[in-house]
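# Okay, predicted coordinates and the sequence, questions at the end:
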Amino acid sequence: MNFAAPFFLYGLISISIPIIIHLVELRKARKILFTNVAFINEVKNITSNHRHLKQILILLCRIGFLLFLVLLFAQPFLPAKKQTIQNSENVKIFLDNSLSMQNESTVSSSNLLDAAKASIKKLIQNIGINGRFSYLDHSGISNIYTDYSGLKLNETLDQVQLANAQKSLGNVFYDFASQANLPYTALIYSDFQKSAGNAKSFASLDKENQYYFIKVNGGANSNAFVDSVYVEDEFIRANQLNQIRVKVRNSGSKDINNCNVKFYIGAEQVSALSINVPAKQSTTFVLNYRLADTTPQNCRIVLQDYPLDFDNSYYFTLQASPAIKIVSVTEDINSPVQRLFTNEPIFQYNQVTPAQFNYTLLKDANLIILNSLTTLSPAFIENLNLFVKDGGSVALIPSGTPQGQGLTQLLQKFGINGAQSTQAIAAAASQFDLALPDRNNPFFRNIFEKETPNMVMPTAAKVLSWSRASVDILKYRDNSRFLSQFNRGKGKIYLFAAPVQEEYSTFANHALFVPVMYKMAMQSYQQKQDMAYVLGQRNISYPVAQYNNKEVFRLVKDSISYIPEQQIREGNLIFSLPPDIKEAGFYKLNSGNMALANFAFNLPKQESELDFYSANELKELTQDANNVHILDVSDEIAMKNLFAQENIGTQLWKYCLILCLLFALSEILLIRFM
């Protein structure tokens, strides 16, 4: 038998107190006055024997009471045959300090992280402050398993804060197995969010080591966060009213009413509203904004939601699109295309003849329209091919006259095989009805306000025909193609089956002509970057026109600078976020001392989902594993007893308490009834 607190055994000296009292009581003479002396001898004999027996029994009860009272504080136990927690090399503690641990605890006013840290500190106290522990969490404080004393681990826990989680449960289990040669005991403190692990993760646990899943339960049953933000129109106009759509999701089981939403552009709040978000559903709403110029703006959507507020801010950038530069190469000075684009200020339209065309126009152009050209030089074809590969767009409108060899070579250069000329001429051009546009085609998004099944469609001849395309935009009723999109490299090619002149098509006079041509022009404009990115995202691309091999690109936030993995491919910087970047917000992309762009990074959505494994679900997932134990961090008695039974052995303090009470009760009964 061993003692957890042997220094209390010094209290056994107190046993001498009742013995001394008993001996002193024996030396005192007692007089008994009685009127009838005939009975003195008989009464005296009976009283003396009874009194001596009673005093001895009371003395034994007092000695027993003090003995087991001292043993109760000394905590005797029978050592276990196999001890696991007392070996420092075999004890591993993992603390989940992911952002979801910000949830409020169900048993205290603290958050789950603080509740878990308090439980670990109690465990250290139970095992002993001089014990040794291997510890790991998600933060940079301990990113590998480190051997700590109890005192050092207490100090480390005080520094642990919430962090953007990087490890899944499967990775945690793998780390346990890969960094231990001997059997070990693993303690995992977590809320066990379902996004961090699945049934396969739990099935990967070995059968040799002991695993304790210590669950902390959160009290929040609702959480609002911004799921996505997107612009109403791909082309953002400066000095005009624009719109963005914001999608807010509630991942909890309780409805959220009157959630305040604020929209900031820079430091200025531009709008605010209150929304309701049903449980496990999303709410989408529209916000208006206006940009004064084409300077990129740092924007954010801020929600007021408690207690989980780590995901209340969503960061993104907005930039008004510059004028779209369109170059139309045609011999027709009265082309309907000219009348179309010159009436809209967002387009910078330039119409030239083939003889006037200058290859420098390709440098800044977004869209090149080849309208009714019959001859094309090889140099012109080659430059157009390079223009498309670099991200430019080309719209090809055929001529009504027999097509020359140049058109065939151009189509072959673009990789458009199977396009054939029908050799239609004006006098014999038969026109055919076009079919209704497919409203599910992304090309027609935001064009139609409502479905019009009785809409009269234009007619067009069939000058060109082809078999396949990347996207079919408009078709004839016989399912042949009138307008198709071909994706080539970074650019696009739009191919018409007929000229836009009246003798070949009524398309130019139809209501579809303006939105279709405008959409082609707007799609030719390419944003240099996305509105927002996710932390941990890889292969982010940004165009760099001029690049010095000696330059190193950096991501800078405040005074902290990060160097990402980077390489240049075809004039684009391709980089991946360093693992050290864990804070959401705006980061500047710098080349030397020059700031190139601002990037907005947001937290992954997994931590915002309030979907956790319950204790019963964890038991079901591990029901075939006898070495896995499920505990609740709030059940302190069960945790303490289980660990004590497993690692100390059979504890005897309970029996000492029972015997202590029995001796005290026996003394009372002896004094009262004997």
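It's in.
# Look up the closest residue to residue 92, ignoring the ones flanking it.
residue 134 (4.5 Å; CB to CB, 6 or more residues apart in numbering). Where C-beta positions appear, they are placed from N, C-alpha and C, glycine not excepted.
# right, and the helix or strand after whichever strand or helix holds that neighbour?
Using DSSP states H and E, residue 134 sits in strand 132-137. Per DSSP H and E, the first helix or strand lying C-terminal to strand 132-137 is strand 146-149.
# What residues does the residue nearest to residue 74 when sequence neighbours are not counted make contact with?
Nearest non-adjacent residue to residue 74, counting by CB to CB, 6+ apart: residue 8, 4.1 Å away. If a contact means CB atoms under 8 Å, 6 or more residues apart in numbering, then residue 8 has 70, 73, 74 as its contacts.
# do you know how far residue 8 is from residue 391?
Here residue 8 is placed at a distance of 81 Å from residue 391 (CB to CB, to the nearest Å).
# In contact with residue 512, which residues?
437, 457, 458, 474.
# Including secondary structure, pLDDT and distance to residue 120, could these go into CSV?
Listed next are the contacts of residue 512 as CSV, based on DSSP: H, G, I helix; E, B strand; the rest coil; pLDDT from 0 to 100; distance: CB to CB, whole Å:
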residue, secondary structure, pLDDT, distance to residue 120
437, coil, 90, 63
457, coil, 91, 71
458, coil, 92, 74
474, strand, 94, 66
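# Quick check: residue 327 touching residue 368?
Yes - if you go by CB atoms under 8 Å, residue 327 and residue 368 touch, sitting 5.3 Å apart.
# what residues are shared contacts of these two?
With CB under 8 Å, 6+ apart as the test, residue 327 and residue 368 both reach residue 362.
# What about residue 361? Give its phi and psi, please.
phi -70, psi -20 (degrees, to the nearest 10).
# For it, which non-adjacent residue is spatially closest?
residue 327 (5.0 Å).
# So the one you found belongs to a strand, correct?
Yes - counting by DSSP: H, G, I helix; E, B strand; the rest coil, residue 327 is part of a strand.
# thinking again about what came up before, residue 327 and residue 368: who's more crowded?
residue 368 (25 against 21; other CB atoms under 10 Å).
# my read: the more buried one touches residue 395, true?
Yes - here residue 368 lies in contact with residue 395, judged by CB under 8 Å, at a distance of 7.3 Å.
# what about the stretch 1-150 of the chain, any weak spots by pLDDT?
The model of the stretch 1-150 of the chain has pLDDT under 70 over residues 4, 26-48, 79-90, 128-131, 140-146.
# rerun at 90
1-93, 104-110, 119-150 (pLDDT under 90).
# In the chain, what helix or strand scores lowest on average pLDDT?
helix 636-647 (a mean of 60; mean pLDDT, DSSP states H and E).
# Which of the residues in the longest helix seen in the chain are classified as buried?
In terms of residue count, the longest helix belonging to the chain (DSSP state H) is helix 40-74. For helix 40-74, burial by neighbour count (16 or more other CB atoms under 10 Å) applies to 58-59, 61-72, 74.
# Quick check: beta-bridge partners of the residue nearest to residue 361?
Bridge pairing for residue 327 (DSSP bridges) gives the partners residue 350, residue 368.
# list the contacts for it?
Under the criterion of CB under 8 Å, 6+ apart, the contact list for residue 327 reads 350, 351, 352, 361, 362, 365, 367, 368, 369.
# Please report the distance of the fourth one from residue 351.
Using CB to CB, residue 361 is found at 11 Å from residue 351.
# do the same with residue 216
69 Å.
# Those two: who's more crowded?
residue 216 (25 against 19).
# Please parse this structure into its domains.
Domain assignment for the chain by automatic domain parsing gives 2-80+653-673, 88-218+612-647, 324-523, 533-602.
# so which of the ones you listed gets nearest residue 228?
With CB to CB, the closest approach to residue 228 among those belongs to domain 533-602: 9.9 Å.
# Any idea how far apart the tips of the closest one sit?
Using CA to CA, to the nearest Å, one end of domain 533-602 lies 6 Å from the other.
# what's the straight distance from one end of stretch 609-627 to the other?
For stretch 609-627, the end-to-end distance is 30 Å (CA to CA).
# What residues sit buried inside that stretch?
Of the residues in stretch 609-627, those buried (16+ other CB under 10 Å) are 609, 610, 612, 613, 618, 621, 622, 627.
# Who does residue 396 form a beta bridge with?
Counting by DSSP bridges, residue 396 is bridged to residue 370, residue 495.
# isn't it right next to residue 413, touching?
No - with contacts counted by CB under 8 Å, residue 396 stays clear of residue 413, the gap being 11.7 Å.
# Looking only at neighbour counts, state which of those two leads.
Between residue 396 and residue 413, counted using other CB under 10 Å, the more crowded position is residue 396 (22 against 16).
# Neighbours of residue 446, how many?
For residue 446, the neighbour count with other CB under 10 Å is 10.
# ok, now residue 162?
18.
# again, but for residue 321
17.
# Please apply the same query to the one 5 residues further on.
Residue 326 sits with 25 neighbouring residues when counted by other CB under 10 Å.
# contacting residues for it?
Listed by CB under 8 Å, 6+ apart, the contact partners of residue 326 are 341, 347, 348, 349, 350, 365, 366, 367, 368, 369, 521, 524.
# let's go with 7 Å and repeat that
341, 347, 348, 349, 350, 366, 367, 369, 521 (CB atoms under 7 Å, 6 or more residues apart in numbering).
# Next: residue 469.
481, 484, 485, 486.
# List only those of the residues you listed flagged as buried.
By 16+ other CB under 10 Å, those give 481, 484, 485, 486 as buried.
# ok, so of those residues, who is nearest residue 315?
residue 485 (32.8 Å).
# how near is residue 616 to residue 433?
Counting by CB to CB, the gap from residue 616 to residue 433 is 64 Å.
# and if you look at residue 177?
According to CB to CB, residue 177 and residue 433 sit 69 Å apart.
# Do you know the pLDDT at residue 661?
pLDDT recorded at residue 661 is 90.
# So it lies in a strand, does it not?
No - membership of residue 661 in a strand is not supported by three-state DSSP, which gives helix.
# returning to what we had before: of the contacts of residue 327, which qualify as buried by neighbour count?
So, by 16+ other CB under 10 Å, the buried ones in the contacts of residue 327 are 351, 361, 362, 365, 367, 368, 369.
# what two of those are the furthest from one another?
Across the buried ones among the contacts of residue 327, the longest distance by CB to CB is 15.2 Å; it joins 351 and 362.
# Just checking: what are the partner strands of the helix or strand residue 300 falls within?
Assessed by DSSP H and E, residue 300 sits inside strand 297-303. Within its sheet, strand 297-303 is paired with strand 256-265 (antiparallel), strand 313-318 (antiparallel), according to DSSP bridges.
# can you redo these as TSV with distance to residue 108 and mean neighbour count?
Output for the strands paired with strand 297-303, formatted as TSV (distance: least, CB to CB, whole Å; neighbours: other CB atoms under 10 Å):
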stretch	distance to residue 108	mean neighbour count
strand 256-265	24	16
strand 313-318	27	21
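# Quick one: residues contacting the most centrally placed residue in the chain.
Relative to the mean C-alpha position of the chain, the nearest C-alpha, by CA atoms, centre = their mean, is the one of residue 604, at 2.5 Å. The contact partners of residue 604, taken as CB under 7 Å, 6+ apart, are 534, 535, 536.
# got it, and residue 407?
Counting by CB under 7 Å, 6+ apart, residue 407 has contacts residue 376.
# you'd agree it is in a strand?
No - assessed by three-state DSSP, residue 407 does not belong to a strand; its assignment is helix.
# what about it, distance to residue 473?
Using CB to CB, residue 407 is found at 20 Å from residue 473.
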